[in-house]
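Student: Show me the folded form of this:
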Amino acid sequence: MQKDLSDYRKSYEKGELLLADAPENPMELFQKWFYEVDKFFTEDETNAMTISTIGKDGYPKSRVVLLKKYTFEGFIFYTNYESEKGKAIAENPNVCLSFFWHGAERQIIIKGKAEKIAANLSDGYFESRPRGSQLGAVVSNQSDTIESREYLENKLQGLEEEYEGKEIPRPDYWGGYIVKPVEIEFWQGRPNRLHDRVRYKLQSDYNWKIDRLSP
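Tutor: Have a look, this model is predicted:
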């Protein structure tokens, strides 16, 4: 089976990114782009991002998670600490995040180090989640092999009965990570494949070095 995709073409013409428009701190540009994409372009989930980790087998693996908060310090998401990604982060905290917003013809690639956030912050977010999502976090031993879909549904039904009328406590194995960036690259699609690429690299004095990259 084969399919030739060499004639797939798209001209990127929706924006530009010049060094003159780049603020000193990349989080300011991230905030600007995120706001613009969320307000003016059709994206199913603007906060959907790909996180890549290096597994114990030495292979990189990428999957989509949801960004739940960003600050000048970094990017926060939540997951099962005992999942494949959680175990990979425990072994090697160097990760890569990426956003691709096709409507705005923009991409952001973030290299950084992931670390667990404070337990009370994970508690607060867990308490804000819908009850079904709370139960889902308790039910799923994420990334483990299971025998069937029915196994999950039966386990969920049992927990619904167990916690009927009660608060659902956050499992110790579930919580948040913050990815503290060391490098952020902003990509804006441009005509003729001469895309704009601006890279920020964190320096030893905690200032950011800004460079324009060849497309």
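Student: Show me what secondary structure element comes after the helix or strand of the chain with the lowest mean pLDDT.
Tutor: Of all helical and strand segments in the chain, the minimum by mean pLDDT, DSSP states H and E falls on helix 149-162, at a mean of 88. For helix 149-162, the following helix or strand on the C-terminal side (DSSP states H and E) is strand 174-188.
Student: now the angle from the helix or strand following that next one to strand 174-188?
Tutor: Next helix or strand after strand 174-188 toward the C-terminus (DSSP H and E): strand 196-202. Between strand 196-202 and strand 174-188, the angle comes out at 130 degrees (axes from the mean of the first three to the mean of the last three C-alpha atoms, to 10 degrees).
Student: helices or strands next to strand 196-202 in the packing?
Tutor: Judged by 3 or more C-beta pairs under 8 Å, 6 or more residues apart in numbering; DSSP states H and E, strand 196-202 is in contact with strand 174-188, strand 208-213. C-beta here means a position set from N, CA and C on the backbone, and glycine is covered the same way.
Student: angle of the last one against strand 174-188?
Tutor: Here strand 208-213 runs at 50 degrees with respect to strand 174-188, directions being taken by the same axes, to 10 degrees.
Student: List the strands paired with strand 208-213, with their directions.
Tutor: Strands adjacent to strand 208-213 in the sheet, as given by DSSP bridges, are strand 196-202 (antiparallel).
Student: who's in contact with Asp211?
Tutor: For Asp211, the contact set (C-beta atoms under 8 Å, 6 or more residues apart in numbering) comprises Val198, Arg199, Lys201.
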